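Asker: give the three-dimensional model of this entry:
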Amino acid sequence: MNQNVQFFNAPALPPINDWEVFRYMGTKAVSEEMQALVLSCIDEARKCFGRRVCYREFDACVIQNTVALGFTNVISSSLAKNLEGCDRIILFAATLGLGIDRLIAKYSRLSPARALCLQALGTERIEALCHTFCCEMAKKYGRLKPRFSPGYGDLPLELQKDIFRALDCPNSIGLSLNQSLLMTPTKSVTAIVGIRR
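Answerer: Predicted coordinates:
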């Protein structure tokens, strides 16, 4: 394992935001039946959520559209714009673990509506974990830029390979990357966060 990797022991996450779950489900009108489904899924999934985050700090330098990140160089006008005014970054990976994936897989066969709800619930929880991490890092580093992930704007998804090497994700938090650049567990995020000068 890379000795420079640090770990974030996430405190309790904010309470689940039902309305965010509905939004991720694509629901415009919320019926009593839909509310009951979400509450039932929350109750069943509550014990399935892990909270694993690893991170490293790197120097960063932006020259036009080329961004030197300390662990690799990448050409991306989107990331260059995001990192304006930054000379350091936090690189992190976060995952909820396999529990929610297993639950989604189970209901994909038994109840597509429940599987959809669990997908949305997992998305809400990984976003909450990332938000909690970034808020804690802001206390430590001061003002941060919004997190930026491979696949956003013109930042290539292939950057995932470099991120996984830099953070040693499989050994650090049990996060793996397949040949199609998809992560397992699926409710996971990798991102770059600029530290403002």
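Asker: hey, let's count contacts and neighbours off CA atoms from now on
Answerer: OK.
Asker: what's the helix of greatest length in the chain packed up against?
Answerer: Assignment by DSSP state H gives helix 112-141 as the longest helix of the chain. If you count contacts as 3 or more CA pairs under 8 Å, 6 or more residues apart in numbering; DSSP states H and E, helix 112-141 packs onto helix 18-25, helix 32-45, strand 86-95, helix 99-110, strand 188-196.
Asker: tabulate these (CSV), appending mean neighbour count.
Answerer: Listed next are those as CSV, based on neighbours: other CA atoms under 10 Å:
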stretch, mean neighbour count
helix 18-25, 17
helix 32-45, 14
strand 86-95, 23
helix 99-110, 16
strand 188-196, 22
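Asker: so how far is G50 from the nearest residue to L98 once chain neighbours are set aside?
Answerer: What sits nearest to L98 in space, not counting adjacent residues and going by CA to CA, 6 or more residues apart in numbering, is P185, at 5.3 Å. Distance, P185 to G50, using CA to CA, to the nearest Å: 11 Å.
Asker: just the C-alpha atoms of stretch 59-78, please, in CSV.
Answerer: Extracted in CSV, the C-alpha atoms of stretch 59-78 (Å, rounded to 0.1, in the frame of the first residue of the first chain):
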residue,chain,number,x,y,z
ASP,A,59,1.0,20.0,-5.9
ALA,A,60,-0.7,21.2,-9.1
CYS,A,61,0.2,23.6,-11.9
VAL,A,62,-2.1,24.8,-14.7
ILE,A,63,-0.5,26.1,-18.0
GLN,A,64,-3.3,26.8,-20.5
ASN,A,65,-5.1,23.5,-20.9
THR,A,66,-2.4,21.3,-19.5
VAL,A,67,-2.7,20.4,-15.8
ALA,A,68,0.2,18.9,-13.9
LEU,A,69,-1.3,17.1,-11.0
GLY,A,70,1.7,15.7,-9.2
PHE,A,71,0.8,12.1,-10.0
THR,A,72,0.2,12.7,-13.8
ASN,A,73,-0.3,15.4,-16.4
VAL,A,74,-3.6,15.8,-18.2
ILE,A,75,-4.9,18.0,-21.0
SER,A,76,-8.4,19.3,-20.0
SER,A,77,-9.7,22.9,-20.4
SER,A,78,-12.6,22.0,-18.0
